[in-house]
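1. Next one to model:
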Amino acid sequence: MLRELVTRFSTTIAARRASIRNNYNVPVKVCFAPEKSLVKGRCDEAFLSGETSDVSETGIGFVVSSIRIKEKYLVGQDRLLNVELDLSGQKIRMQVRGMRYERVGVHLSTERYLIGASIVAVNEEDTAAYKHFLNHGNEAARSLSSVVEQA
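-> Purely as a prediction, here's the structure:
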């Protein structure tokens, strides 16, 4: 009985410490951040396309087809990445740091990589839209696109 109460209590505390992860699949575009820029860079040259697997206030998980762009790995050496989330036409840009990766897919032809990244910075104008998306999910993506079309 006592052990069960302690387990419930510790599980509750652990759940409150971590950011809530939402499983949303949103198109994502990933590229390396320029050395001296803060979030303003766009992914125009070399980039990878993929989709998110989960998002939270402090980090995102996304799946891409390769672990590197040209010769540079996405994870490691404190590399910053620029990420663009495409929420029904509205782009939310953020800068993240790749923390871990895992190979997913059962066959070489379907091999992909799940990247776990912590959010370093989000543009001021994108912060409100991102938080709205976290709270309301896919309906938020549709409503954001209708707001963008009206403006």
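2. Any idea what the spatially most central residue of the chain is bridged to?
-> Geometric centre of the chain, nearest residue: Ile60, 2.8 Å, by C-alpha atoms, centre = their mean. According to DSSP bridges, the partner residues bridging Ile60 are Val55, Ala117.
3. in terms of contact, does it touch Thr52 like I think?
-> Yes: the pair Ile60 and Thr52 passes the contact test of C-beta atoms under 8 Å, sitting 5.8 Å apart. Where C-beta positions appear, they are placed from N, C-alpha and C, glycine not excepted.
4. tally of neighbours for Arg93?
-> Other residues within reach of Arg93 by the criterion other C-beta atoms under 10 Å amount to 20.
5. pLDDT on the helix or strand harbouring it, on average?
-> Counting by DSSP states H and E, the element that carries Arg93 is strand 90-104. Here strand 90-104 scores 91 as its mean pLDDT.
6. Please spell out which residues along it are buried.
-> 90-98, 101 (16 or more other C-beta atoms under 10 Å).
7. related to what we said a few turns ago, pull the contacting residues for the residue nearest to the centre of the chain.
-> By C-beta atoms under 8 Å, 6 or more residues apart in numbering, the residues touching Ile60 are 28, 52, 54, 83, 85, 94, 96, 117, 119.
8. Which of those residues are buried, as a ChimeraX select command?
-> Provided next is the ChimeraX selection string for whichever of those are buried by 16+ other C-beta under 10 Å:
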select :28,52,54,83,85,94,96,117,119
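9. how near is Leu114 to Ser66?
-> From Leu114 across to Ser66, the span is 12 Å (C-beta to C-beta, to the nearest Å).
10. So those two - more neighbours on which side?
-> Remark: of Leu114 and Ser66, Leu114 carries more neighbours, 17 against 14, as counted by other C-beta under 10 Å.
11. Pretty sure that one sits against Ile67.
-> No: contact criterion C-beta under 8 Å: Leu114 and Ile67 do not qualify, at 10.1 Å.
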